[in-house]
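K.L.:
quick one: sequence plus predicted model below, questions after.
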Amino acid sequence: MMYESPYFALANNAALLLAMGAIYDALVLSSRARIPYKSLIGGIALGLIAIAIMATPMMVDEGVIIDSRSVLLSATGLFFGSIPTAIAVLFSVLFRLYEGGQGTLAGIVFILTSAGLGLLWRRLRKQSDQPLKWPELYLFGLVVHFSMLMVMGIFLPDPIAYKVTTTVAYPVLLIYPVVTVLLCMGLGHQQQRKKTEKALRVSESINRRTVDQLQTTLQAIPDQLFEIDIDGHYYDCRSMDYQDDLSRDGLLLSQHIEQIMPAEACSTLLSALKEAEQNGHAHGTQITLSGKDGQRCFELSIARRHTLVGQSPRFVVLSRDISDRKEAEQELHIAATAFNSQEGMIITDTSHRILRVNNAFTQVTGYSAAEVIDKKPSILSSGRHDADFYTNMMEELNTHKYWQGEIWNKRKNGEVYPEWLTITAVTDDHAQVTNYVAAFTDITQRKQAEADIHTLAFYDSLTGLPNRRLLLDRLEQSLLLRKRRHQLGALMFIDLDNFKTLNDTQGHDIGDCLLIEVAHRLRHSVREVDTVARLGGDEFIIILEDLNADYNQAALDAEQIAEKIVQTLNQPYPLKNSEYHGTASIGLSLFDHRDKNAKDLLKRADVAMYQAKESGRNTLRFFDPKIQQELYLQAEMESELRRAIADEQLVLYYQAQTYLGKITGAEVLLRWIHPEKGLVPPGKFIPLAEQCGLIIPLGNWVLETACRQLAAWADHPELSKVTLSVNVSAHQFSMIDFVANVERVLRETGAEGKLLKFELTESAVLIDVDSTADKMMQLKDLGINFSIDDFGTGYSSLFHLKHLPVDQLKIDRSFVRDINEDPDDLAIVQAIIAMAHNLGISVIAEGVETEAQKRCLEKRQCRHFQGFLFSQPLPLDQFENCDIDIFNYETA
Ligand SMILES: Nc1nc2c(ncn2[C@@H]2O[C@@H]3COP(=O)(O)O[C@H]4[C@@H](O)[C@H](n5cnc6c(=O)[nH]c(N)nc65)O[C@@H]4COP(=O)(O)O[C@H]3[C@H]2O)c(=O)[nH]1
């Protein structure tokens with residue numbers, strides 16, 4: 001088409017382009033629907049538009065056409081990218097070739113240049129996020145169309161190029177950059193709108209996904225979810241479990257927490273809400289509620305919600321039931337506490353590799369956890385147990401899943417120690433062993449204590465020899481052994497002579513040194529198989545094992561050994577710078593398979609030892625059965641006598657003492673009425689009581705009974721004047737508290753001291769004359785009189801008697817008995833009577849049985865008598881009723 005005005009022609013073509021652009025926008029760009037192969041379709045559409053505008057060009061010359069394809073293709077390059085542009089370029093080039101003419105080449109180059117500049121511009125501003133504004137677009141339009149004019153100038157023949165330049169240069173430069181701005185603004189606007197829509201769609205999709213995700217997340221959370229305001233009113237709630245009925249039915253809505261929870265939980269929740277109000281959130285608050293399954297504990301996580309102005313603050317409260325967790329924590333805590341107990345602990349896997357140890361393990365073994373983790377417990381092996389021990393342990397573990405026992409292990413420092421070990425296999429739900437837990441206690445101290453106790457219980461602490469207990473045990477063993485082997489054994493009872501004296505004079509330390517040395521010598525005097533024991537004090541026992549089967553030979557062998565021991569013990573003892581010479585008495589008793597009782601055997605050796613002592617010490621004696629029988633009876637009597645005091649089997653007999661044929665007093669004589677043996681005379685039990693110390697309680701009993709009797713007679717018309725003579729043994733008199741005791745008895749019974757007479761033997765008063773005199777003086781102050789009993793049989797010295805407050809001498813009945821036949825006895829009696837008169841004290845003869853004896857004595861000025869001639873010792877009632885008159889001093 002030929003236009004007279006190029007402005008009009010170009011504007012016309014540009015208008016077509018803009019119209020086509022608007023249509024394109026409506027059809028393609030503005031389509032919300034997702035168009036597949038959009039670039040392809042867009043490129044074809046643009047190519048068609050290019051053809052449309054190229055079909056209505058401005059014809060400048062034959063085959064030379066100007067149209068707005070440059071605007072379209074440059075905008076296509078700028079906005080749509082390479083694929084649509086390439087398609088549009090292809091369409092344009094093909095159409096231009098179809099149109100043909102001398103401007104074809106220029107037209108094609110011009111097409112390519114426009115599209116290329118569009119693509120180049122697009123590429124250059126790719127980094128920029130600034131939107132395309134009209135000045136830039138205008139500049140773009142100018143660049144494109146200057147290029148177009150240059151292409152024309154270059155590729156058209158000169159005259160035509162000149163014609164084109166002069167004809168269309170100004171219109172092109174005036175119109176097409178503006179059209180470029182308009183088209184690009186339109187496309188840019190549309191593209192921007194499309195971008196916005198796309199972004200919106202993306203945003204909507206994200207929102208939808210987010211909401212979906214949130215809902216899924218919420219559904220996955222097993223916790224209760226509440227919306228509560230700051231005052232504690234519920235606004236929303238969702239619960240998977242706790243109080244779900246309430247939540248599900250919406251019953252919580254608009255309720256207050258106080259209607260649902262206990263006061264304490266409410267207060268905790270409200271405090272947490274306040275914290276969340278200040279900080280935006282609050283975590284970790286715990287409350288306890290009573291649920292269907294009892295007490296449950298909940299942990300709250302609170303977040304403040306965005307609220308409208310004027311609306312009270314609201315919070316989303318996530319309440320998690322942590323009861324099980326707490327319980328598990330508690331169990332873990334218990335397990336952890338148990339793990340860190342005083343016992344050493346090792347946890348291993350099934351291949352016995354150590355996984356964990358506790359502090360006690362480190363304390364006991366010296367190994368730190370790092371040193372043993374991944375190692376095997378065999379690191380502790382002491383080497384004291386053989387392979388069988390560990391095999392048995394593993395077998396038991398496999399069978400019973402448990403092993404317990406004592407084991408010797410080795411510490412890091414190499415010290416071997418005993419431990420009490422318990423290994424337990426841990427199994428899973430399928431009864432498969434998953435771990436082994438070993439707990440152990442170091443029992444070194446316990447073992448030591450056991451050993452100490454054993455030593456204390458069975459060994460003498462001073463000498464280290466077996467004590468009585470172990471001795472008896474060994475003796476029992478030896479007796480059992482005799483049954484199998486028919487050899488004899490011998491028991492040796494060794495008692496050191498005069499040990500007490502050494503102990504008392506030199507002190508216990510020296511005594512102990514001697515005992516230790518004796519133990520040492522004894523130990524080295526016999527074989528290993530023989531037992532040397534210490535019974536206590538200075539008594540030692542030796543068991544000689546496996547002597548000859550022949551009794552005589554065995555006795556000979558035992559005697560030889562005993563003699564050797566006597567010699568050994570006779571050797572001097574160097575004790576603390578001085579030399580001590582000691583001897584020992586040894587009792588020997590053989591035993592064989594017929595002997596059964598160890599204690600009896602011991603008794604026999606003891607008896608033999610006493611025989612050795614009796615024989616003058618420093619010697620040995622074999623056991624004599626007769627002596628043992630005596631000792632046995634003695635021991636039996638001793639225990640019976642002890643019972644006699646408690647069982648009130650003792651009574652006093654009264655034997656009259658006379659003067660001029662009348663009773664002045666009586667001697668009280670002790671009798672034991674034995675339940676089986678009947679009346680036992682004092683001669684049978686007094687010496688025994690003296691020996692075993694029973695004489696003290698016996699003497700006290702006699703004194704108290706006599707005093708009570710005196711007090712009972714106090715108001716009697718005749719008996720109130722009778723004196724009572726009480727025998728006081730030397731042992732009793734020597735007691736420190738004797739005087740105080742007499743004083744107490746007089747006070748308690750109310751008896752008069754002047755009616756009491758103590759008969760002391762000569763030996764009793766002469767033990768310690770000064771002390772005796774002192775005691776007698778004190779007793780005299782209480783009114784008590786003294787008679788020296790059995791006078792003449794001892795070694796009384798006149799000198800001593802002169803210094804003692806003695807009131808009477810009693811002539812022993814052995815002198816009275818033969819006074820008429822034996823001139824020596826008569827001479828002694830005469831001397832005693834003379835001595836008494838000389839000292840100014842009275843004299844009494846005991847054992848007067850005949851008138852002849854009485855007359856003989858009377859003739860020698862002795863007028864006080866005691867004896868069967870006057871009266872036998874009588875029980876109380878008989879004495880009280882005897883027909884002898886009481887001597888009345890007042891009328892005498
Ligand atoms: N053949 C003969 N004997 C006569 C005659 N007159 C008295 N007798 C006995 O001579 C003993 C006198 O007692 P004694 O010399 O103190 O000798 C007492 C005394 O030493 C002791 N005794 C008795 N009672 C006690 C007591 O209560 N305490 C203490 N310590 N010793 C007592 O027992 C010894 C023996 O006492 P008894 O057996 O009661 O023997 C008594 C008595 O029964 C007589 O005419 N002819």
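P.N.:
All right, it came through fine.
K.L.:
quick one: low-confidence parts of the stretch 151-300 of the chain?
P.N.:
In the predicted model, the stretch 151-300 of the chain carries pLDDT under 70 at residues 239-252.
K.L.:
now swap in the chain and tell me
P.N.:
1-4, 26-36, 239-252, 625, 627-629, 631-632, 792-799, 887-892.
K.L.:
how about the residues of it by the ligand?
P.N.:
Neighbours of the ligand within the chain, by CB under 6 Å from any ligand atom: 655, 669-670, 681-683, 686, 699, 702, 727, 729, 759, 789-790, 813, 846-849, 866-868, 873. Using the backbone N, CA and C atoms, a C-beta is placed for each residue, glycine as well.
K.L.:
buried ones from the residues you listed, can you make that a ChimeraX selection?
P.N.:
To isolate the buried ones among those in ChimeraX, judged by 16 or more other CB atoms under 10 Å, type:
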select :655,669,670,682,686,699,702,727,729,759,789,790,813,846,847,848,866,867,873
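K.L.:
helix, strand or coil for Trp408?
P.N.:
strand (DSSP: H, G, I helix; E, B strand; the rest coil).
K.L.:
so it touches Pro418, yeah?
P.N.:
Yes: Trp408 is in contact with Pro418 according to CB atoms under 8 Å; the separation is 5.5 Å.
K.L.:
tell me which of the two has more neighbours.
P.N.:
Using other CB atoms under 10 Å, the more surrounded residue of Trp408 and Pro418 is Pro418, with 19 against 15.
K.L.:
now that one: how far from Arg813?
P.N.:
Remark: distance between Pro418 and Arg813 (CB to CB, to the nearest Å) = 76 Å.
K.L.:
the strands in the stretch 701-850 of the chain, which residues?
P.N.:
Taking DSSP state E, counting those that start in this stretch, the strands of the stretch 701-850 of the chain run over residues 723-728, 756-761, 785-791, 808-811, 842-846.
K.L.:
neighbours around the closest residue to the ligand within the stretch 51-200 of the chain, how many?
P.N.:
In the stretch 51-200 of the chain, the residue that lies nearest the ligand is Ala199 (134.6 Å; CB to the nearest ligand atom). By the measure other CB under 10 Å, the count of residues near Ala199 is 10.
K.L.:
and the next helix or strand past whatever helix or strand it lives in?
P.N.:
Per DSSP states H and E: Ala199 is located in helix 158-220. The helix or strand immediately downstream of helix 158-220 is strand 224-229, counting by DSSP H and E.
K.L.:
what angle do helix 158-220 and the helix or strand where Asn12 lies make with each other?
P.N.:
Under DSSP H and E, the secondary-structure element containing Asn12 is helix 6-24. Per axes from the mean of the first three to the mean of the last three CA atoms, to 10 degrees, the angle that helix 6-24 makes with helix 158-220 is 20 degrees.
K.L.:
do you know how far whatever residue of the stretch 201-350 of the chain ends up closest to the ligand is from Thr348?
P.N.:
Closest approach between the stretch 201-350 of the chain and the ligand, counting by CB to the nearest ligand atom: Gln342, at 66.0 Å. As for Gln342, its distance to Thr348 is 21 Å (criterion: CB to CB).
K.L.:
who's more crowded, these two?
P.N.:
Neighbour comparison, Gln342 and Thr348: the larger count goes to Thr348, with 20 against 11 (by other CB under 10 Å).
K.L.:
is the more buried one in a helix, a strand, or coil?
P.N.:
For Thr348, the assignment made with three-state DSSP gives strand.
K.L.:
now it: how far from Asn340?
P.N.:
18 Å.
K.L.:
who's in contact with Asp818?
P.N.:
Applying CB atoms under 8 Å, 6 or more residues apart in numbering to Asp818 gives the contacts Asp825.
K.L.:
same question for Ala608.
P.N.:
Neighbour list for Ala608: Phe493, Ile586, Gly587, Leu588, Ser589, Arg621, Phe622, Phe623, Asp624 [criterion: CB under 8 Å, 6+ apart].
K.L.:
that one and the ligand, how far apart?
P.N.:
Distance, Ala608 to the ligand, using CB to the nearest ligand atom, to the nearest Å: 31 Å.
K.L.:
identify the bridge partners of Gly678.
P.N.:
His674 (DSSP bridges).
K.L.:
that one: how many residues sit nearby?
P.N.:
Using other CB under 10 Å, Gly678 has 8 neighbouring residues.
K.L.:
where do the strands sit along the stretch 551-700 of the chain?
P.N.:
Remark: strands assigned in the stretch 551-700 of the chain by DSSP E, counting those that start in this stretch are 573-575, 578-580, 584-591, 620-622, 650-659, 662-674, 678-680.
K.L.:
I'd say His674 and Phe685 touch.
P.N.:
No: using CB under 8 Å as the test, His674 is too far from Phe685 to be in contact (9.3 Å).
K.L.:
burial measure for Pro875, as a count.
P.N.:
If you count neighbours by other CB under 10 Å, Pro875 ends up with 12.
K.L.:
now do the contacts for it.
P.N.:
Val651, Tyr653, Tyr654.
K.L.:
name the member of these with the most neighbours.
P.N.:
In the contacts of Pro875, the most neighbours by other CB under 10 Å go to Tyr654, 27 neighbours.
K.L.:
return the distance of Leu97 relative to Gly536.
P.N.:
Separation of Leu97 from Gly536 (CB to CB) stands at 143 Å.
K.L.:
ok, Ile784 next?
P.N.:
Using CB to CB, Ile784 is found at 42 Å from Gly536.
K.L.:
neighbour count winner among the two?
P.N.:
For Ile784 versus Gly536, the count of surrounding residues by other CB under 10 Å is larger for Ile784: 22 against 10.
K.L.:
just say helix, strand or coil for Lys375.
P.N.:
Counting by three-state DSSP, the backbone at Lys375 sits in coil.
K.L.:
the residue nearest to it when sequence neighbours are not counted bridge partners, please.
P.N.:
Nearest non-adjacent residue to Lys375, counting by CB to CB, 6 or more residues apart in numbering: Ile354, 5.6 Å away. With DSSP bridges as the criterion, Ile354 is bridged to Thr348.
K.L.:
mind listing what Ile354 touches?
P.N.:
Going by CB under 8 Å, 6+ apart, the list of residues near Ile354 reads Ile346, Ile347, Thr348, Val372, Ile373, Asp374, Lys375, Lys376, Pro377.
K.L.:
for Asp550, state which of those residues is nearest.
P.N.:
Lowest distance from Asp550 to those (CB to CB) belongs to Pro377, with 60.7 Å.
K.L.:
how about the nearest residue to that closest one, chain neighbours excluded?
P.N.:
In space, and not counting its chain neighbours, Pro377 is closest to Ile346: 5.9 Å by CB to CB, 6+ apart.
K.L.:
quick one: residues contacting that neighbour.
P.N.:
In this structure, Ile346 makes contact with Ile354, Arg356, Val357, Phe361, Val372, Pro377, Val437, Ala438, Phe440, judged by CB under 8 Å, 6+ apart.
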